[in-house]
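Asks: Show me the folded form of this:
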Amino acid sequence: SEVARHLGLNWKTVKSIDKYFLEREYGQPDLTGLRILAVDEISIRKGHQYLTIVLDYLTGRVVFVGKDRKAETLERFFDQLNDKQRNDIEAVVMDMWDPFIKAVKKKVPQAKIIFDLFHVVSNFNKVIDKVRNSEFNKASEEDKAVYKGTKYLLLKNRKNIKSPDQRQHLKDLLALNETINTVMILKEKLKHIWTYRSRAWAEKALNQWCHLALTLNQQSVTAFVKTLKKYQYGILNHCDYAIHNGKIEGVNNKIKVIKRKAYGFHDLRYFTLKIYQAFYN
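Replies: The predicted structure is shown next:
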């Protein structure tokens with residue numbers, strides 16, 4: 001719109017010129033030399049509308065943007081690669097989203113799937129909140145006052161709690177409730193699993209974590225243990241490829257800025273081209 005006003009043109013004309021240039025320069029992402037990928041989704045509208053983003057982990061280039069977050073979406077990306085390019089893929093880092101897992105196992109079965117620490121801990125934070133609610137409901141009226149205002153304290157990393165009052169509030173809660181104290185210990189131990197480089201040690205730490213978690217006899221914690229066991233292979237693969245989704249989280253934040261600056265995009269292809277341009281190198 002600013003360019004259109006400056007040149008005295010219709011904004012649609014400016015968009016058409018820009019889109020033509022983008023299509024010519026960035027319409028076909030370079031798919032050569034791909035070895036390690038990061039995959040994530042980004043919400044583009046309310047109502048569960050997503051884009052699937054594939055990042056070349058080593059260069060930081062976005063190499064695919066696809067509508068939805070289905071297995072078929074990611075399969076479309078792999079179908080663009082020839083046999084050699086698919087065989088060269090060594091590892092893919094993602095969250096524990098079954099459609100993406102299905103696509104990777106089907107199209108690049110030799111690639112190791114790595115589950116990102118951030119997403120696993122984020123899922124456990126939801127479990128912590130369920131435990132907090134459960135323990136609050138069982139507490140006496142006098143003790144309930146201690147629980148109030150602790151939701152976000154429990155979700156934060158302790159080192160990020162700067163306020164003395166907040167630190168004391170959390171300390172009081174942990175002293176009051178052994179179950180909540182245990183899940184906070186579990187949270188710290190869960191993060192530690194990703195620091196191992198030996199698969200044997202990582203597997204031992206994971207098994208110990210699951211054993212301690214099951215002693216709580218909490219439904220939500222037990223369900224989370226089953227999830228970890230199911231996806232254990234992707235956690236242990238981190239020992240072979242110490243990669244994470246931090247890079248693609250940064251990409252997603254930048255994409256949100258692009259969308260916000262444009263007040264949203266009605267033309268998905270134009271939006272896609274803008275993304276390719278932003279991460280071209």
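
Asks: Report how many residues lie close to the closest residue to Pro99 other than its chain neighbours.
Replies: Take Pro99 and drop its neighbours on the chain: the residue closest to it by CB to CB, 6 or more residues apart in numbering is Ala71, 4.0 Å away. For every residue, glycine as well, the C-beta is placed using N, CA and C. Neighbourhood size, Ala71 [other CB atoms under 10 Å]: 19.

Asks: from what I can see Ala71 touches Lys105, true?
Replies: No. Ala71 lies out of contact with Lys105 (CB atoms under 8 Å); the separation is 9.6 Å.

Asks: quick one: strands adjacent to the longest strand seen in the chain?
Replies: Longest strand in the chain, counting residues (DSSP state E): strand 36-45. Sheet pairing of strand 36-45 (DSSP bridges) gives strand 49-56 (antiparallel), strand 91-94 (parallel).

Asks: now what about the shortest one, what contacts it?
Replies: Contacts with strand 91-94, where a contact means CB atoms under 8 Å, 6 or more residues apart in numbering, come from 35-40, 57, 100-101, 104, 108, 111-116, 237, 240-241, 243-245.

Asks: quick one: average confidence on the host helix or strand of Val257?
Replies: Under DSSP states H and E, the secondary-structure element containing Val257 is helix 246-261. For helix 246-261, the mean per-residue pLDDT is 83.

Asks: Just say helix, strand or coil for the residue nearest the centre of the chain.
Replies: Nearest residue to the geometric centre of the chain (CA atoms, centre = their mean): His119, 4.9 Å. Assigned with DSSP: H, G, I helix; E, B strand; the rest coil, His119 falls in the helix class.

Asks: give the contact list for it.
Replies: His119 neighbours (CB under 8 Å, 6+ apart): Asp95, Met96, Asn245.

Asks: any idea how far it is from Met96?
Replies: To Met96, His119 is 7 Å away according to CB to CB, to the nearest Å.

Asks: coming back round to it: contacts for the longest strand of the chain next, please.
Replies: For strand 36-45, the external contacting residues (CB under 8 Å, 6+ apart) are 49-58, 63, 69, 74, 89-95, 97, 100, 104, 111, 241, 243, 245, 247-249, 251-252, 255-256, 259, 271.

Asks: what angle do it and helix 246-261 make?
Replies: If you take axes from the mean of the first three to the mean of the last three CA atoms, to 10 degrees, strand 36-45 sits at 30 degrees to helix 246-261.

Asks: So for strand 36-45, mean pLDDT?
Replies: Mean pLDDT, strand 36-45: 88.

Asks: what do you get for stretch 101-114?
Replies: Across stretch 101-114, pLDDT averages out at 97.

Asks: ok, now stretch 69-76?
Replies: Stretch 69-76 shows a mean pLDDT of 96.

Asks: Restricting to C-alpha, output it in CSV.
Replies: C-alpha atoms of stretch 69-76 as CSV (Å, rounded to 0.1, in the frame of the first residue of the first chain):
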residue,chain,number,x,y,z
ARG,A,69,-0.6,-30.1,9.2
LYS,A,70,-1.6,-33.6,7.9
ALA,A,71,0.6,-36.5,6.9
GLU,A,72,-0.3,-35.8,3.3
THR,A,73,1.0,-32.2,3.7
LEU,A,74,4.5,-33.3,4.7
GLU,A,75,4.4,-36.2,2.2
ARG,A,76,4.0,-33.5,-0.6
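
Asks: Any buried residues in it, and which?
Replies: By neighbour count with 16 or more other CB atoms under 10 Å, stretch 69-76 contains the buried residues Arg69, Lys70, Ala71, Thr73, Leu74, Glu75, Arg76.

Asks: Let me see the contact set for the fourth one.
Replies: Applying CB under 8 Å, 6+ apart, one finds that Thr73 lies in contact with Thr52, Gly66, Lys67, Pro99, Ala103.
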